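>>> Here's my sequence, what's the structure:
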Amino acid sequence: MEEWRKFVTPRERDNNWNALLSGGAKIRLLESFIDFELAALLAAEGPLSAEAIAKKLALHPHRARKWFHLLSLVGLVQEIVPPDKLPGHGDEVYAITPMAQSLFGDDGKSGAFYRDRMRFWRNISGLDFNAVLRGLPLPLAVEWPPQTFEAATHLEWWMRITAPGAIQAIEKAVDLNTVTKMLDAGGGDGTMACAFAQSHQNLDITVFNLPNSAYLARNKVAQEKLSDKITIAEGDFLSEEPFPGGFELVLWSRVFTDWAADVVQRLIRKTYEALIPGGRIAICEPLLESNKDLITEWEFRYIFYDDFGVAVFKTRAVYERLLTGAGFELTSFSDRDDESCYSAIIATRPQ
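Numbering: from 1, shown residues only. Just a heads-up that it's a prediction; the model follows:
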């Protein structure tokens, strides 16, 4: 008996292979869907026949019909077959799906965040991956943390767009009405701090971040007229300098997934010192065990960014081990829900 049969059935073997290889087909389908602006066409004109779409986009008619069918298999278009016809007959009509609308908007022209992720993908997918693994100099090397104001602005745009799900995850996991002094460590442009301050008048929040991001946060706080509730503190959380102290809650949201476990361990220990006895740390991140596709995409991208560490997305067990190792007591866990990919782990500094 072959050794692998003790662990994998032939069907599981083939299913796994097919899933891996179909990833290549899916990315090409998504690229073409975006390039031909098919979402915008269907949003503007409603359901169209394969023949009509092919003419409008100047496509090879037979190949286009195969393409439309495949797009329906991955959920980007709905294939409507007349009840008296067989699939593939040529009378199919195609409409935009709710899934495509969720990505690119009702008009088919939106979705800047998802389009930007596609741009990042294309920047790296054209490189010779084998040569990259052998040390090819990277033409699009990313420095981390961001070294310019433009790079920081782009990063904080990403943080702002992804903030709503993280805000909801923290609101679900922590009763912020019981907190007065809160530190938002690496708190982006202040989007989360502003949302919390507007919803909870009891909060006095400090946002701690690098100078360029701190500049953006000051502008955000001033625009929201929350300068009396939110303080911006400049600093590098990776330095040996301690954080400001005396906090009842320290929030780390979408930061720890940029750093390897040894760096996160040091940050958690610094957090312990920034809290009063009985104070809590809140970690809000996508966890490895429940976000495999997301994390495969991001960790692949990080191969091309040498400033990132290895295995930066972590499991709940790893975070809990880091917390207890720093002296925290585990308090609660709130898993991701249908609103976002974020889970929240809460731990307490003992009295």
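
>>> now the helices for this protein?
10-35, 38-45, 50-57, 61-73, 98-104, 112-125, 129-133, 149-161, 163-173, 191-199, 211-223, 261-274, 292-302, 316-325 (DSSP state H).

>>> Check those helices for me and report the most buried one.
helix 191-199 (a mean of 21; mean count of other Cβ atoms under 10 Å). Bear in mind the C-beta positions are built from the backbone N, C-alpha and C, glycine included.

>>> returning to what we had before: I'd like the helices of the chain as JSON lines, with distance to residue 308 and mean pLDDT appended.
Shown next, in JSON lines, are the helices of the chain (distance: least, Cβ to Cβ, whole Å; pLDDT from 0 to 100):
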{"stretch": "helix 10-35", "distance to residue 308": "22", "mean pLDDT": "97"}
{"stretch": "helix 38-45", "distance to residue 308": "32", "mean pLDDT": "98"}
{"stretch": "helix 50-57", "distance to residue 308": "39", "mean pLDDT": "97"}
{"stretch": "helix 61-73", "distance to residue 308": "33", "mean pLDDT": "97"}
{"stretch": "helix 98-104", "distance to residue 308": "26", "mean pLDDT": "98"}
{"stretch": "helix 112-125", "distance to residue 308": "13", "mean pLDDT": "92"}
{"stretch": "helix 129-133", "distance to residue 308": "14", "mean pLDDT": "95"}
{"stretch": "helix 149-161", "distance to residue 308": "13", "mean pLDDT": "92"}
{"stretch": "helix 163-173", "distance to residue 308": "20", "mean pLDDT": "97"}
{"stretch": "helix 191-199", "distance to residue 308": "23", "mean pLDDT": "98"}
{"stretch": "helix 211-223", "distance to residue 308": "18", "mean pLDDT": "97"}
{"stretch": "helix 261-274", "distance to residue 308": "11", "mean pLDDT": "98"}
{"stretch": "helix 292-302", "distance to residue 308": "4", "mean pLDDT": "94"}
{"stretch": "helix 316-325", "distance to residue 308": "17", "mean pLDDT": "99"}
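
>>> okay, those in a markdown table with distance to residue 340 next?
Output for the helices of the chain, formatted as a markdown table (distance: least, Cβ to Cβ, whole Å):
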| stretch | distance to residue 340 |
| --- | --- |
| helix 10-35 | 21 |
| helix 38-45 | 23 |
| helix 50-57 | 34 |
| helix 61-73 | 26 |
| helix 98-104 | 13 |
| helix 112-125 | 13 |
| helix 129-133 | 31 |
| helix 149-161 | 12 |
| helix 163-173 | 3 |
| helix 191-199 | 13 |
| helix 211-223 | 21 |
| helix 261-274 | 21 |
| helix 292-302 | 11 |
| helix 316-325 | 16 |
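
>>> Ok, which of these comes nearest residue 239?
Nearest of the helices of the chain to residue 239, taken as Cβ to Cβ: helix 261-274 at 9.7 Å.

>>> Give me the pLDDT for residue 309.
Looking at residue 309, its pLDDT is 89.

>>> now the end-to-end length of stretch 30-45.
End-to-end distance for stretch 30-45, by Cα to Cα, to the nearest Å: 21 Å.

>>> Residues in contact with it: which ones?
48, 53, 56-57, 67, 71, 74, 76-77, 94-96, 100-101, 103-109, 115, 118, 122 (Cβ atoms under 8 Å, 6 or more residues apart in numbering).

>>> What's the mean pLDDT across the longest strand anywhere in the chain?
Counting by DSSP state E, the longest strand found in the chain is strand 275-286. Strand 275-286 carries an average pLDDT of 99.

>>> Could you please name the strands that strand pairs with and the direction of each pair?
strand 247-253 (parallel), strand 342-348 (antiparallel) (DSSP bridges).

>>> Redo the ones you listed as a markdown table? Include mean neighbour count.
Shown next, in a markdown table, are the strands paired with strand 275-286 (neighbours: other Cβ atoms under 10 Å):
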| stretch | mean neighbour count |
| --- | --- |
| strand 247-253 | 24 |
| strand 342-348 | 22 |
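
>>> Would you mind listing the residues in contact with the spatially closest residue to residue 241 that is not a sequence neighbour?
Sequence neighbours aside, residue 235 is the residue nearest to residue 241 in space, at 6.4 Å (criterion: Cβ to Cβ, 6 or more residues apart in numbering). Counting by Cβ under 8 Å, 6+ apart, residue 235 touches 208-210, 241, 243.

>>> want to try JSON lines for those, with distance to residue 218 and neighbour count as columns?
Shown next, in JSON lines, are these (distance: Cβ to Cβ, whole Å; neighbours: other Cβ atoms under 10 Å):
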{"residue": "208", "distance to residue 218": "13", "neighbour count": "23"}
{"residue": "209", "distance to residue 218": "10", "neighbour count": "27"}
{"residue": "210", "distance to residue 218": "13", "neighbour count": "18"}
{"residue": "241", "distance to residue 218": "20", "neighbour count": "9"}
{"residue": "243", "distance to residue 218": "19", "neighbour count": "20"}
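
>>> Would you mind giving both backbone torsions of the residue nearest to residue 272 when sequence neighbours are not counted?
Residue nearest to residue 272 in three dimensions, not counting chain neighbours: residue 326, with 5.2 Å by Cβ to Cβ, 6+ apart. In terms of degrees, to the nearest 10, the main-chain angles of residue 326 are phi -90, psi 0.
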